[in-house]
Each structure stands twice: as C-alpha cells, then as structure tokens.
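Visitor: Here you go, sequence then predicted model.
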There are 4 protein chains.
Amino acid sequence: MSPRTDTQNEKIRLERKQQIMNVALKVIADNGFSNASISRIAKEAGISKGLMYNYFESKEDLVINIMLEGFNQLTNSFDPNHDGVLTEEELHFFIDQSFQTVEQNIPFWRMYFMVLLQPDVYSIITPQLEKILTPFYKTAINYFASQGYDDPVTEVRFFAAIMDGVGLHYIMDPENFPMEGVKTKIHQLFKCK
Amino acid sequence: MSPRTDTQNEKIRLERKQQIMNVALKVIADNGFSNASISRIAKEAGISKGLMYNYFESKEDLVINIMLEGFNQLTNSFDPNHDGVLTEEELHFFIDQSFQTVEQNIPFWRMYFMVLLQPDVYSIITPQLEKILTPFYKTAINYFASQGYDDPVTEVRFFAAIMDGVGLHYIMDPENFPMEGVKTKIHQLFKCK
Amino acid sequence: MSPRTDTQNEKIRLERKQQIMNVALKVIADNGFSNASISRIAKEAGISKGLMYNYFESKEDLVINIMLEGFNQLTNSFDPNHDGVLTEEELHFFIDQSFQTVEQNIPFWRMYFMVLLQPDVYSIITPQLEKILTPFYKTAINYFASQGYDDPVTEVRFFAAIMDGVGLHYIMDPENFPMEGVKTKIHQLFKCK
Amino acid sequence: MSPRTDTQNEKIRLERKQQIMNVALKVIADNGFSNASISRIAKEAGISKGLMYNYFESKEDLVINIMLEGFNQLTNSFDPNHDGVLTEEELHFFIDQSFQTVEQNIPFWRMYFMVLLQPDVYSIITPQLEKILTPFYKTAINYFASQGYDDPVTEVRFFAAIMDGVGLHYIMDPENFPMEGVKTKIHQLFKCK
DNA sequence: CATGAATGAGTGTTCATTCAT
DNA sequence: GATGAATGAACACTCATTCAT
C-alpha cells in the first residue's frame, strides 16, 4: 500500500484550507471581527486550534487569504476577455455580475467592508489589493475616456463609490433594499451618452 | 456648602466629557474599533482609566454618545426650517452640507462606517439612530414623490447609498478623491426633472 | 449669634455616625460584604464619599464599629445586674433576649455571621470582641459549675454553639424557621436538673 | 491520530481539575471569599490565570463545583442503605460521620459557611443544594415522626441548627473546641425517648 | 465641614499563539 | 499531520482612598 502522493496531499491541504476559509468568513461576518476568535472558527470547522496554524500563519494571514480569494472571484466578471479594453456591454455585465456576487455572498461583502475600515488589517492587504485593482482602474479610465467623458478619473471614482455604496446598503438590509430598482437606475446612469 | 460650586463642577464635567469624546473619536478612527481600548483612550487623553467610568457607563456608552453627538450636527442641515417639507434647494444644500461635514470631520465618519459594520455595537445604537433618521427618510420620500418619481422609496434608497458610498470612498482616500467633481455629478443627478 | 457649642457639634457628629452605620449595616447585609461599596453606602446615606472618611478611617473601621456597637446592645441582657453571677432565671432571660434581638435585627446578625467567616476582618475585631466576651464566658462557666455539671466548659461551648446555630438558621430562613418551638426546646434543655 | 491519547488527556484534565479545586478551597478558606482572587488561586496552584478558564467557566462555576463535590461526600453517610428510612442507629452514625467529615475537612466547611452568608453566591448554588438536601430533610422528618415527636419539623430544624452551630464553632476554634464532649451530648439529646 | 473629580491597583475574563506529545 | 493543555498579555470594568477646593 503506497503512501499518499505529494499531489494528493496537496489537494487535501487545499480543500482543507478552503473549508477553513469558508467557515471563518461566515463566523466573522456573523459576529464581527473581534468576536470571531480562532477557537470559535476552529470549533465551527471541526478541527483543532493548533491545526489552524498549520494552514495560516496567524489570524491576520487568514483574513488576508479570505479577502484575496474573494477578489479573485470578482475579477473574472470584469473585462472577461482580458484584453484591457472594456466595451459598454462588458461594463453593464460587470454591474450585474457584481451585485449578483454580493447577493450570493453577503458574508464576504460584510467582511469586505469591515476590513476596509479596520486600519491594521487594511494596511496589510492594501498592497496586494492594489496590485489586483490597478489594472481594473486603468481599464475603466480608458473606457470612460473613450466614451468622451471630460474627467474619466472622476467618473471612475464616482462609479466605484456608487457600487460600494449600494453594496453597503444592500448588505445592511438585504430584505428591504430595492436592489432591482437601484440596479436599473445604475444601468441608466452609465448608459452611453 | 460644597467646595467647588455646582456650576464649577458642571463646567468641569462638560469639558472633560467633551475632551474624552474627542480623543476617543480620534483613537477609534485611527486604530480601528477593537484596537481602541479604554486604556489607550485614557492614556491619550491624559487621564486615568478609572475616570473614564466617571463620565461614561461603559465603552459602548462612550461610543453611543460620540455617534449621537455627531448625528445631531448633521441633522441641522437637512430641512433647515424643520417644516417636514423639502424643497429642491434644501436638498442641494443638504448635499453640500453633508460633504462639508465629512471633509471637516473625517475621524467621525470613519467611525460611523466602522460602527455600521460592527454587529454588536450597531445593534445598540440602531434604535436611537432610527429615531433620528426616520423623519428624514419620510421627508425625503415625500420630496421625491412630489417631484413625480415613480418609485420614491427606491429613489431615496439610491440617494442614501450614493451619499454613503461617496463618503466612504472619500474617507478612505481624502487626498486623491475628486470630491468637487463628484459633488457636481450628484447635484446634476438629483436636479429637478 | 454664637457658633455651635462643642457639645452640640459632638452630638451632631454622633448622630451622623450612627446613621451611616445603620445604612451601612443594611447595605452589607443585603448585598454581601464585597458588593457593599463605600460609594453605595454613601449614596444610600445621602452623603458624599469623602465625608465617610471624616467619620471612619476606612471601610474596615466602619465594619468594626458596627460590630462592636451591636455587641454592646446584646451584653446588657446577660447578667443584667452585672454581679458576675448568673441565676437560672437570668440565663433564660438571656435566651429570650438573644433571639428577640436576632428577630429584630436580622441584618446585623447576617453581618455578624459574615464577619465571623471573613478572616481579615475577623482578625481585627477579635481582640476587642474577646474583651467583651470573656467575662460572659466566665460567668457562664461559673453558672454551669454551680448547677453541678461535670464539664461546665463543654456545657458553655455547647450552649454557645446551639445559640449560634439557631440564630444562623433563623436568619437564613426567617419566614419558615419554627423559632417558637425551638426556643421552647432550648429552655427545656437548660432547665435546672 | 492524536498525539496524546484521549485517555491521557482525560487523566490530565481530571487531575488538574481536582488540583485546582483543592488549592482554591484552601485559598478561599484561608483568605475569605472576596480575597481569593483567580490570580491568587492560579499562582498558588502554580498555573497561569488563563488555564483556570480551561477547567472552569467562571469563578462561580469553580465554587459550585467545590461545594457540590463536598456535599456528595457527606450524603453517603446519611441513610447509608438509601431506603429512605432512617433507623436510630443510622442517625447516630450520621452524627458521627458528619463531625468526622468536618474535622477532616475544615477548609471545606469554612467555605461552606462563608457561602451560606454570601447572598450572590448562595443564590446560585441554592437550587442544586436543595435538590441534594430535600430528600434528607424528608427522611429526617419521617424519622422524628415515627419516634413519636409532636412536631417533627421543628425537631429536624432544631437538629440541623445544632449540627451547623457545632460545626461552625468547631471550625472557628478547632484547637480548643471540646468536640468529643459535645458529640456525646448530641447523642444523648437525640436518643430514643 | 463637605464635595466629588481623580487615581491606580485590583478584579474576572478572553484569546492569539506555542509546543510537548 | 494533529491535538488541546498551557501561557501571558491584554481587555473592560470596579473601588477604596485622596485631595483641591
């Protein structure tokens, strides 16, 4: 009987890691950042406290991993063909995709906003986050410039602010927030002139 | 007959209370909610830990006081004549006032967003906050209804989301956020049809 | 207009002191020793914390004063003519008086038993308490000796233990404890042979 | 497969728990209830403060555990064959056993009396204590009824008060209290008529 | 005489992290 | 790899006591 191959081990490791991250995300989103202790997460995940440190160097490291993984999911719906050029269609697709992601993953976005405001954690992810976001930002500026906007930077900033504002209000009150109506308004707002 | 007169004591208390609130606000905004310990706030304020509890019943009580005081400042710029009726002028005045308040009081608004996402704290202020916000909300709905919007509730929700989104992005990056340009865009967006 | 005479001042002082002791006794008996803070006692007595220290050197000093004052009340019903000789009548009178005192002053006796078990406080009052109790003890031994008991010391100790045991059970459950029946049994128990 | 086996862990836990309870009992009995801080107990037990909470949920929980364990030791000497019926022999056996327990475990009984008078703690153990004591009480009433006493309830109350009074006086002064003589007197007192 | 603002050491409790097994 | 006993620094909060007024 042969021992597990390295590849098998690697696979098990990754799955375990993913499972921990999912549980941690839920616990953090539900209880707030500082009420989500390692103990609690470990217990919820059905593993020992000690094992957590086999997968993540620290609580911060765990959070960073969750954040980055979440963003990687989002990036795929923006400029899907990865040509650095955004069409109007792709922008509107991105809007829909974004809110669908939010609706399907409230805990992650709760945590996203928490982390945005948590200076110590934020300062750690910020470099890695920027590496992910900069190309998006550039692509978006190019798009608005090509649409003939006077001040495409302002336009992008405004767009991002609206998306975050709506996301924030949605997760604060998912039951009542009129997401469909608001989505429509955003589509109108960024319709080609 | 007391050694310090009641008036003297009253003055000392008010000043100290305000001083603690100011320091606490800064410490919380700079370090995040859970890193802002009572010890730290007290040290920063140059007083003993114990004295904090002479002025605030608990850390929660301190936060609530800071929040409510901040909101009281904002409320005066919305429907300034308090007739429950909003004119278009007043709405635009409110927009300007809001962002001016944000620009002048970044720490408070950092803290505001932190608290929004802190489930345990939020649940405490929520009742008092709602008491303040409900009339605004109603006034705003009436305004949009009177402007002939099909779905004034959605409109108000969208408006609030935009305001919060812009505020959030501003406090995340006050140096670079193009507040003036964005403000102009918002004014255009809510111009009378 | 003349200032208050020294005697008047002394009288006021004593009354105030007594009032504080009464309040403190009640607060301690109701809330337990460590839950009875100086703040609480002062507030209940309607005076300032600082003033407490004008009348009592410390919290311990306050407790000692209460205890000793309580004992002084009890001593008067034992060997009432102070001749160092106890008659059978006087003993039975003492029994009745003791339980009457307990029934009329539950808080004091709650505190008495608390203090008995509080090593730090007990070790402070113990010398003063002994000074009060020793003559009683001697008188009692003489009494039982004169009644022809083989071992009068054991008899006194047993008597004291019974008195305290009954007192303790009474204050633990004053509503239901059958004090009258028990009193009768004690009287029978120490009837002249 | 775990590094320490479950049995090993179980053993460690039980021993540690017992060790903490023993130390805590001694510290509380020696220093009084409120002077026995968790810090002090932990230091005396040679472990960290934090570890205390690995074994007991709170200070209260620790106290309850100590109390209940102590009572379980006592209960076995009352109505030893557990038939709910007490013979005269069994009663006298219980008396002897009780005092032997007291003599061998002075700290526990010091603590027992402390707790009786500590309103906050007492109210917590009271339900569990009553569950243990009620059957004893009933058995004792039946016994005295069957012995032809007019008022068996008063008799039981008196008996319990005497036992507690003697116990209290013994632990207050174990060196000098004439336990043997007193024990004899109690046996005589409750001899079959 | 009288006040209460102020202190600081203390409390019970939590928790990220380590490490022997 | 996997466990959970163990640590120690931190936390929110309390309180006897002091002292300027």
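Guide: Received, thanks. Numbers count the residues shown, from 1 in each chain, chains lettered A, B, ... in the order given.

Visitor: low-confidence ranges in chain A?
Guide: Applying pLDDT under 70 to chain A picks out residues A:1-4, A:77-80, A:192-193.

Visitor: How about the residues of it by DNA strand F?
Guide: Residues of chain A lying close to DNA strand F (C-beta under 7 Å from any atom of the strand) are A:N9, A:R13, A:R16, A:I47, A:S48, A:K49, A:G50, A:L51, A:N54, A:Y55. C-beta: built from backbone N, CA, C; applies to glycine.

Visitor: isn't the last one right up against A:R16?
Guide: Just to be clear, that refers to A:Y55. Yes. Counting by C-beta atoms under 8 Å, A:Y55 does reach A:R16; the two are 6.6 Å apart.

Visitor: Same drill for those two, tell me which one is more crowded.
Guide: Taking other C-beta atoms under 10 Å in any protein chain shown, A:Y55 and A:R16 do not tie; A:Y55 has more neighbours (18 against 15).

Visitor: what's the closest of the residues of chain A next to DNA strand F to DNA strand E?
Guide: Nearest to DNA strand E out of the residues of chain A next to DNA strand F is A:G50 (C-beta to the nearest atom of the strand; 3.5 Å).

Visitor: can you tell me if the helix ranked longest in chain A touches DNA strand E.
Guide: Secondary structure of chain A per DSSP state H: the longest helix is helix A:119-146. No. For helix A:119-146, no contact with DNA strand E is found by C-beta under 7 Å from any atom of the strand; the gap never falls below 11.4 Å.

Visitor: how about that helix: buried residues?
Guide: Within helix A:119-146, the residues that count as buried by 16 or more other C-beta atoms under 10 Å in any protein chain shown are A:P119, A:V121, A:Y122, A:I124, A:I125, A:L129, A:F136, A:T139, A:A140, A:I141, A:Y143, A:F144.

Visitor: Just the closest of these to DNA strand F, please.
Guide: When those are ranked by distance to DNA strand F (C-beta to the nearest atom of the strand), A:P119 comes first, at 14.3 Å.

Visitor: in terms of contact, does the closest one touch B:D30 like I think?
Guide: Yes. Contact criterion C-beta under 8 Å: A:P119 and B:D30 qualify, at 6.7 Å.

Visitor: Which secondary structure element is home to the residue in chain A that chain B sits nearest to?
Guide: Residue nearest to chain B within chain A (C-beta to the nearest C-beta): A:G165, separated by 2.0 Å. Using DSSP states H and E, A:G165 maps to helix A:152-172.

Visitor: Tell me which other helices or strands the following helix or strand past that helix touches.
Guide: Where DSSP H and E defines the elements, the next helix or strand beyond helix A:152-172 is helix A:179-189. Helix A:179-189 sits against helix A:88-104, helix A:152-172, helix B:152-172, with contacts defined as 3 or more C-beta pairs under 8 Å, 6 or more residues apart in numbering or on different chains; DSSP states H and E.

Visitor: ok, and which of the buried residues of helix A:119-146 reach chain B?
Guide: By C-beta under 8 Å from any C-beta of the partner chain, the members of the buried residues of helix A:119-146 lying near chain B are A:P119, A:V121.

Visitor: Please render the buried residues of helix A:119-146 as a markdown table that adds distance to A:L86 to the earlier fields.
Guide: A markdown table is the format used below for the buried residues of helix A:119-146 (distance: C-beta to C-beta, whole Å):
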| residue | distance to A:L86 |
| --- | --- |
| A:P119 | 32 |
| A:V121 | 30 |
| A:Y122 | 27 |
| A:I124 | 30 |
| A:I125 | 25 |
| A:L129 | 20 |
| A:F136 | 9 |
| A:T139 | 5 |
| A:A140 | 7 |
| A:I141 | 10 |
| A:Y143 | 4 |
| A:F144 | 9 |
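
Visitor: Using the record's assignment, carve chain A into domains.
Guide: Following automatic domain parsing, chain A resolves into domains at A:1-56, A:59-189.

Visitor: Any idea how many residues pack against the residue in chain A positioned nearest to DNA strand F?
Guide: Proximity to DNA strand F, evaluated over chain A using C-beta to the nearest atom of the strand, is greatest for A:G50 at 1.9 Å. Summarising burial for A:G50: neighbours were counted as other C-beta under 10 Å, giving 10.

Visitor: Next: the one 10 residues further on.
Guide: By other C-beta under 10 Å, 13 other residues sit near A:E60.

Visitor: Which element, helix or strand, includes it?
Guide: Assigned by DSSP H and E, A:E60 belongs to helix A:59-75.

Visitor: hmm, that helix touching chain B?
Guide: No. Against chain B, helix A:59-75 shows no contacts by C-beta under 8 Å from any C-beta, the least distance being 11.9 Å.

Visitor: how far is that helix from where the chain is centred?
Guide: Put simply, helix A:59-75 sits 7 Å off its chain's centre (C-alpha atoms, centre = their mean, to the nearest Å).

Visitor: rewinding a little: name the surrounding residues that touch the helix holding A:G165.
Guide: With contacts defined as C-beta atoms under 8 Å, 6 or more residues apart in numbering or on different chains, helix A:152-172 is touched by A:95, A:98-99, A:102-103, A:106, A:109-110, A:113, A:137, A:140-145, A:149, A:177, A:179, A:182, A:186, A:189-190, B:116, B:157-158, B:160-166, B:168-169, B:177-178, B:181-182, B:185.

Visitor: Would you pull up the residue in chain A closest to chain D?
Guide: In chain A, no residue comes nearer to chain D than A:S48, which is 8.6 Å away by C-beta to the nearest C-beta.

Visitor: which ones are touching that residue?
Guide: For A:S48, the contact set (C-beta under 8 Å, 6+ apart) comprises A:A42.

Visitor: again, 6 Å this time
Guide: Counting by C-beta atoms under 6 Å, 6 or more residues apart in numbering or on different chains, A:S48 touches no other residue.

Visitor: Kindly report the same for A:F71.
Guide: A:I132.

Visitor: A:F177: how many residues sit nearby?
Guide: With other C-beta under 10 Å as criterion, A:F177 counts 18.

Visitor: Not counting residues beside it along the chain, what's closest to A:K26?
Guide: In this structure, A:K26 finds its nearest non-sequential neighbour in A:P107, 5.3 Å apart by C-beta to C-beta, 6 or more residues apart in numbering or on different chains.

Visitor: Tally up the residues packed near that neighbour, please.
Guide: Residues lying near A:P107 (other C-beta under 10 Å) number 18.

Visitor: Please apply the same query to A:R13.
Guide: A:R13: 12 neighbours (other C-beta under 10 Å).

Visitor: what helices or strands is the one helix or strand it maps to leaning on?
Guide: Under the criterion of DSSP H and E, A:R13 resides in helix A:6-31. Applying 3 or more C-beta pairs under 6 Å, 6 or more residues apart in numbering or on different chains; DSSP states H and E, one finds that helix A:6-31 contacts helix A:38-45, helix A:59-75, helix A:106-117.

Visitor: which ones are touching A:I186?
Guide: Counting by C-beta under 6 Å, 6+ apart, A:I186 makes contact with A:I95.

Visitor: Only alpha carbons, please: show the helix holding A:G165 as CSV.
Guide: Taking Å, rounded to 0.1, in the frame of the first residue of the first chain, the C-alpha atoms of helix A:152-172 are listed here in CSV:
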residue,chain,number,x,y,z
PRO,A,152,-12.8,60.0,-16.7
VAL,A,153,-10.9,59.7,-13.4
THR,A,154,-13.7,61.4,-11.5
GLU,A,155,-16.2,59.2,-13.4
VAL,A,156,-14.4,56.0,-12.3
ARG,A,157,-14.2,57.2,-8.8
PHE,A,158,-17.9,58.1,-8.8
PHE,A,159,-18.8,54.7,-10.3
ALA,A,160,-16.8,52.8,-7.7
ALA,A,161,-18.3,54.9,-4.9
ILE,A,162,-21.8,54.2,-6.1
MET,A,163,-21.1,50.5,-6.5
ASP,A,164,-19.7,50.3,-2.9
GLY,A,165,-22.5,52.5,-1.5
VAL,A,166,-25.2,50.3,-3.0
GLY,A,167,-23.4,47.2,-1.9
LEU,A,168,-23.1,48.5,1.6
HIS,A,169,-26.7,49.5,1.9
TYR,A,170,-27.8,46.1,0.4
ILE,A,171,-25.8,44.1,3.0
MET,A,172,-27.1,46.3,5.8
